[in-house]
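Enquirer: output the structure for:
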Amino acid sequence: MTEVLYLPVLPALVAEVSVREKHAIVAGLVYQLAVRAVQRILYEGLRRETYDALCSMGYSGKIKVDLGLAHKKDYYTGILFRGYVEGYGLPVLSGGRYDTLLGDFGRNSTAVGFAVNVEAAAKVLLKSVHEPLTKPVDVLVFSMSGCETLGLAHCAELIGEGLTVFNSLSATEEEAGDYAKQHGIRRMDVVGANSAVTVKEV
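Expert: Below you'll find the predicted structure:
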């Protein structure tokens, strides 16, 4: 059944009124139609119970209805949604409902899914973080030739003690020491045969 919206102001559009008044009338009509469309989306497409559930979770002021939202993928059959965060203009999350997609893979089932733009989310996080994301290195671990596995075990032990550890891939102990000096690492553990560890101050 087609819904009819009664607009008693239509005759005014052909009457002797100014252009500004006609623009105001058209704007009013568009507003009424938009409100009606939004109501139908909320109560039919999104469903009232879903909308109410989102509002009860405190998201009533964060939901925006975009009547022009479309997706380049043609398998969506229902609601489309995108998620935004403050400080970033592009969506960090997008998805929707696709009732027929799984049938193409042999299983008929309705579904809703979404994807997260990890790169965009990381950019937002980096903007909001005011402290270094990495801690200064406490210990540089250098393993003698043939003792690399023992060196990794020593790294794991130091990490278990709460230290920040860098496993050196330098070819020689001297190169590892130079790296430690250049990066402000004051301690270097040299791992040798039989798990022997020599602790050196740099």
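
Enquirer: just the strands in this structure please.
Expert: In chain order, the chain shows strands spanning 80-83, 93-97, 112-116, 139-143, 165-167, 187-191, 197-201, with DSSP state E as the criterion.

Enquirer: deepest of these, which one?
Expert: Comparing the strands of the chain by mean neighbour count (mean count of other C-beta atoms under 10 Å), strand 139-143 ranks first with a mean of 23. The way it works is simple: take the backbone N, C-alpha and C, and place the C-beta from them, glycine included.

Enquirer: avg pLDDT for it?
Expert: Per-residue pLDDT over strand 139-143 has a mean of 97.

Enquirer: can you name every helix or strand that it contacts?
Expert: helix 148-160, strand 165-167, helix 173-182, strand 187-191 (3 or more C-beta pairs under 8 Å, 6 or more residues apart in numbering; DSSP states H and E).

Enquirer: tell me the angle it makes with strand 187-191.
Expert: Regarding strand 139-143 and strand 187-191, their directions subtend 20 degrees when assessed with axes from the mean of the first three to the mean of the last three C-alpha atoms, to 10 degrees.

Enquirer: what angle separates strand 139-143 from helix 173-182?
Expert: When the same axes, to 10 degrees is applied, the directions of strand 139-143 and helix 173-182 differ by 170 degrees.

Enquirer: mind listing the strands strand 139-143 pairs with, and their directions?
Expert: Strand pairing for strand 139-143, determined by DSSP bridges: strand 165-167 (parallel), strand 187-191 (parallel).

Enquirer: which one of those strands lies nearest to Leu150?
Expert: strand 187-191 (5.2 Å; C-beta to C-beta).

Enquirer: can you say which of the helices and strands packed on strand 139-143 is nearest to Val137?
Expert: If you check each of these against Val137 by C-beta to C-beta, strand 165-167 wins as the nearest, at 4.6 Å.

Enquirer: residues near Leu163, how many?
Expert: The number of residues packed around Leu163, counting by other C-beta atoms under 10 Å, is 14.

Enquirer: from Leu101, how far out is it?
Expert: Here Leu163 is placed at a distance of 49 Å from Leu101 (C-beta to C-beta, to the nearest Å).

Enquirer: what's the answer for Ile185, then?
Expert: Using C-beta to C-beta, we find Ile185 at a distance of 52 Å from Leu101.

Enquirer: same question for Tyr88.
Expert: Tyr88 is 28 Å from Leu101, by C-beta to C-beta.

Enquirer: ok, Asn108 next?
Expert: Between Asn108 and Leu101 the computed distance is 10 Å (C-beta to C-beta).

Enquirer: who has more neighbours, the two?
Expert: The residue with more neighbours, out of Asn108 and Leu101, is Leu101; 17 against 10, by other C-beta under 10 Å.
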